[in-house]
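>>> Got a sequence here, can you model it:
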Amino acid sequence: MIYRSISSLTTTPGGCGNFFEGTGEEMHAALSYLGTLPDETITYVGHEYTAKNAVFAKSAEPRNPDVTRLIRFVDENKITTGKTTIGDEKLWNVFMRPQSEDIKYVLILRRMTSP
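Reported below is the predicted structural model:
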């Protein structure tokens, strides 16, 4: 069986889109729901933010080999929609990896240095 997810701005490869209404909690709930889909679910997104997401992911999780794979993927694919899966997102998407020690560290560090 082939699974497909059309998520427009909820998730884009390596990140999530801008949201202009709703709350952070609602976005977290939506991303958490997407994380329950089968890993082989192919993602189709409405906007191409993958290159920027890869740069951000590398700043948040520089030791994650899957983020390096995302950067390589971006270099090889101008258009990424329909070429990644929910399983990929679980490995390289900062917003779907709150359990990552590197991400926790970056968030704490930013909170401590924010004005």
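
>>> rest of the way, CA atoms for contacts and neighbours
OK.

>>> any low-confidence regions in the chain?
Along the chain, segments meeting pLDDT under 70 span 7-9, 109-110, 114-115.

>>> Try it again at 90.
Confidence mapping of the chain against pLDDT under 90 gives the ranges 1-31, 44-49, 78, 81, 98-99, 101-115.

>>> Going along the chain, name the helices of the chain.
24-34, 50-60, 65-76, 86-92, 101-113 (DSSP state H).

>>> Out of these, the one nearest Thr43 is which?
Among these, the nearest to Thr43 by CA to CA is helix 86-92 (6.6 Å).

>>> Check which helices and strands that closest one sits against.
With contacts taken as 3 or more CA pairs under 8 Å, 6 or more residues apart in numbering; DSSP states H and E, helix 86-92 sits against helix 65-76.

>>> Just give the number of residues close to the spatially closest residue to Met27 that is not a sequence neighbour.
Excluding the flanking residues, the one nearest Met27 by CA to CA, 6 or more residues apart in numbering is Thr10, at 7.2 Å. If you count neighbours by other CA atoms under 10 Å, Thr10 ends up with 18.

>>> So for Asn18, which of the helices of the chain sits nearest?
Here helix 24-34 is closest among those (CA to CA), at 10.1 Å.

>>> Enumerate every residue touching the nearest residue to Val106 once chain neighbours are set aside.
Leaving aside its sequence neighbours, Val106 sits nearest to Ala60 (CA to CA, 6+ apart; 6.2 Å). For Ala60, the contact set (CA atoms under 8 Å, 6 or more residues apart in numbering) comprises Val94, Asp102, Ile103, Val106.

>>> any chance of the helices of the chain in TSV, with distance to Asn18 too?
Shown next, in TSV, are these (distance: least, CA to CA, whole Å):
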stretch	distance to Asn18
helix 24-34	10
helix 50-60	12
helix 65-76	20
helix 86-92	17
helix 101-113	19
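
>>> Please consider this matter closed, and thank you.
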